[in-house]
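**Student:** any chance you can model this:
(one chain, ligands or ions: 1)
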Amino acid sequence: MNVFGLDIGGSGIKGAPVNTKTGKLTGGRIRVPTPRAGRPDDVVATAVKVISRAKWDGPVGVGFPGVVKEGVIHTAANVDKSFIGFDLGERLRQELGSPVQIVNDADAAGLAEIRWGAGVGVEGVVLMLTLGTGIGTALFIGGKLVPNTELGHIELHGGDAEAYASDRARKVANLSWNDWSARLVEYLRKMEDLLWPDLIIIGGGVSKRSEKFLPQIKTRTEIVPAEMLNAAGIAGAALAYVPEASVPPEPPAATLHQRSQK
Ligand code: BGC
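**Tutor:** Numbering: from 1, shown residues only. Here you go, the predicted structure:
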């Protein structure tokens with residue numbers, strides 16, 4: 001099935017049609033900058049612009065950077081606070097006249113990695129992190145998503161962890177890769193102590209530069225960079241529309257033990 005995947009981010013709204021069997025984009029990727037005020041009306045208008053530029057009139061799956069339940073936005077850490085309580089799903093359905101499903105952006109990226117990327121066939125507990133403006137988390141058990149985990153907001157040094165260890169925190173404080181890696185290790189160790197995952201996947205824009213920081217990261221859990229890089233947000237958003245998406249594809253691929261011997 002083909003679904004238009006739409007990734008709503010702080011700086012841009014990006015989308016493309018996606019084949020939900022293969023995860024491949026079946027058309028060009030379109031990006032329009034997110035309006036500065038970023039209020040719901042502006043974001044909806046921009047999302048509609050992206051979809052109409054693509055001349056798309058089929059189903060749309062959306063990734064949004066906040067808690068989403070049945071299309072309604074419940075948190076807004078890095079977007080305008082007026083999103084809280086906003087029924088984005090209903091509004092987009094009205095504007096587009098098409099079916100729309102919405103999931104959290106990190107959950108979308110995680111679904112894509114579990115289905116087509118670094119998490120394929122991994123049994124046990126997988127934690128996907130997206131490091132960008134914030135820290136997004138997606139938690140899987142046996143390939144099944146526990147939706148809307150918000151583990152980027154645990155307390156670290158008396159503040160919000162994402163203000164300490166996100167990629168934005170690195171840029172704002174002008175940290176060297178080494179200094180930022182040290183912060184990230186602190187965060188990752190907390191995650192390990194709380195969740196005891198079997199695999200951690202590091203995604204988000206910064207995963208393109210994983211050679212700058214992953215070698216410095218020593219944790220007891222295996223850590224790998226996301227494989228789908230930028231495509232994960234869009235491809236995973238399309239999976240919002242396919243409820244069975246979180247079931248790992250058949251046949252089951254290697255177990256963790258076999259992976260580590262690759
Ligand atoms: C939000 C999450 C989101 C993450 C990445 C966090 O600030 O609370 O919902 O997944 O940023 O965008």
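**Student:** check contacts around Glu70.
**Tutor:** Gly89 (Cβ atoms under 8 Å, 6 or more residues apart in numbering). All C-beta spots, glycine's among them, are computed from the backbone N, C-alpha and C.
**Student:** let me know the pLDDT of it.
**Tutor:** Glu70 is assigned 96 on the pLDDT scale.
**Student:** tally of neighbours for the residue lying closest to Pro35 once chain neighbours are set aside?
**Tutor:** In this structure, Pro35 finds its nearest non-sequential neighbour in Asp42, 3.8 Å apart by Cβ to Cβ, 6 or more residues apart in numbering. By the measure other Cβ atoms under 10 Å, the count of residues near Asp42 is 14.
**Student:** doesn't Asp42 belong to a helix?
**Tutor:** Yes: Asp42 sits within a helix when classified using DSSP: H, G, I helix; E, B strand; the rest coil.
**Student:** for Ala237, see how far away it is.
**Tutor:** 19 Å (Cβ to Cβ, to the nearest Å).
**Student:** list the buried residues of the longest helix along the chain.
**Tutor:** Longest helix of the chain, by residue count under DSSP state H: helix 177-195. By neighbour count on 16 or more other Cβ atoms under 10 Å, the buried set for helix 177-195 is 177, 180-181, 183-185, 187-188, 190-192, 195.
**Student:** before we move on, what about stretch 90-105?
**Tutor:** 91-93, 96, 100-105.
**Student:** over to stretch 167-176?
**Tutor:** 167-170.
**Student:** can you list the residues you listed in a markdown table and add secondary structure and distance to the ligand?
**Tutor:** What follows is those, written out as a markdown table (DSSP: H, G, I helix; E, B strand; the rest coil; distance: Cβ to the nearest ligand atom, whole Å):
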| residue | secondary structure | distance to the ligand |
| --- | --- | --- |
| Asp167 | helix | 10 |
| Arg168 | helix | 10 |
| Ala169 | helix | 12 |
| Arg170 | helix | 15 |
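**Student:** can you add pLDDT and distance to Arg31 and give those back as a markdown table?
**Tutor:** As requested, these are exported to a markdown table (pLDDT from 0 to 100; distance: Cβ to Cβ, whole Å):
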| residue | pLDDT | distance to Arg31 |
| --- | --- | --- |
| Asp167 | 96 | 18 |
| Arg168 | 95 | 19 |
| Ala169 | 97 | 24 |
| Arg170 | 97 | 23 |
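**Student:** which among those gets closest to Gly159?
**Tutor:** Nearest to Gly159, judged by Cβ to Cβ, of these is Ala169 at 10.1 Å.
**Student:** was I right to think the closest one contacts Asp160?
**Tutor:** No: taking contacts as Cβ atoms under 8 Å, Ala169 lies outside contact range of Asp160: 9.7 Å.
**Student:** roughly how far does Ala16 sit from the ligand?
**Tutor:** 19 Å (Cβ to the nearest ligand atom, to the nearest Å).
**Student:** from what I can see that residue touches Gly27, true?
**Tutor:** Yes: Ala16 is in contact with Gly27 according to Cβ under 8 Å; the separation is 5.6 Å.
**Student:** run a quick neighbour tally on whatever residue of the stretch 151-262 of the chain ends up closest to the ligand.
**Tutor:** Residue nearest to the ligand within the stretch 151-262 of the chain: Gly152 (5.0 Å; Cβ to the nearest ligand atom). Counted with other Cβ under 10 Å, the neighbours of Gly152 add up to 24.
**Student:** please list the residues of the chain that sit near the ligand.
**Tutor:** 65-67, 75, 77-78, 104-106, 130, 134, 136, 150, 152, 162 (Cβ under 6 Å from any ligand atom).
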